[in-house]
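K.L.:
Below are the sequence and a predicted model for it; my questions follow.
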Amino acid sequence: MAQREPETRMDAGTKETRLANPSGWLYLTRHDGIPVLVDALLDWPTNREFTIQEFADHSGLVRQTVSKHLDLLLELDLVDEIPETHPQRYRIRDSEVTRTLFELNSAINAVGDR
């Protein structure tokens, strides 16, 4: 994923420019199902294992939507494939991205609790 530099953002005055050169946040959230999938991941502890069907059931999305977006979640180090499992199992990855998402979620929830 090519992330634009912060100073480039100042020049990104149009929607088309932003979409062509997305920030990490826009890259993640511009896919319809991704915010719901990330929200579902935030309900689970890191290292939680699951199948696509379990993830679909937990997120409230259909299995096809989860399958469609799984490569992006893998690319961004949010989940890992667990080798030699059938059906294929995945695990929430303990990565910098995942930790940061959990921290952001906690911070936003803390503001809402005030």
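P.N.:
Cool, the structure landed.
K.L.:
ok, which stretches of this structure are helices?
P.N.:
For the chain, the helices defined by DSSP state H cover 6-11, 15-20, 24-29, 34-42, 52-59, 63-75, 96-112.
K.L.:
Quick check: closest non-adjacent residue to the residue nearest the centre of the chain.
P.N.:
Ranked by distance to the mean C-alpha position of the chain (C-alpha atoms, centre = their mean), the top residue is Val38 at 4.5 Å. The shortest distance from Val38 to any non-neighbouring residue, by C-beta to C-beta, 6 or more residues apart in numbering, is to Leu101 (6.5 Å). For the C-beta atoms, the positions are set from N, CA and C on the backbone; glycine is no exception.
K.L.:
That neighbour - how many residues pack around it?
P.N.:
18 (other C-beta atoms under 10 Å).
K.L.:
Equivalent analysis for Arg48, please.
P.N.:
Neighbour count of Arg48, defined by other C-beta under 10 Å: 15.
K.L.:
Leaving out sequence neighbours, find the closest residue to it.
P.N.:
Going by C-beta to C-beta, 6+ apart, Arg48 has Ile92 as its nearest residue, at 5.0 Å.
K.L.:
how close does that neighbour sit to Arg18?
P.N.:
Distance, Ile92 to Arg18, by C-beta to C-beta, to the nearest Å: 29 Å.
K.L.:
and the nearest residue to Asn105 once chain neighbours are set aside, what does it touch?
P.N.:
For Asn105, ignoring the flanking residues on the chain, the nearest one in space by C-beta to C-beta, 6+ apart is Leu42 at 5.0 Å. Contacts for Leu42 (C-beta atoms under 8 Å, 6 or more residues apart in numbering) come out as 101-102, 105.
K.L.:
Can you report how many residues lie near His69?
P.N.:
Other residues within reach of His69 by the criterion other C-beta under 10 Å amount to 20.
K.L.:
show me what contacts it?
P.N.:
31, 33-34, 37.
K.L.:
now the closest residue to Gln88 other than its chain neighbours, which residues is it bridged with?
P.N.:
Ranked by C-beta to C-beta, 6+ apart and with sequence neighbours excluded, the top spatial neighbour of Gln88 is Glu81, at 6.5 Å. Taking DSSP bridges as the rule, Glu81 bridges to Tyr90.
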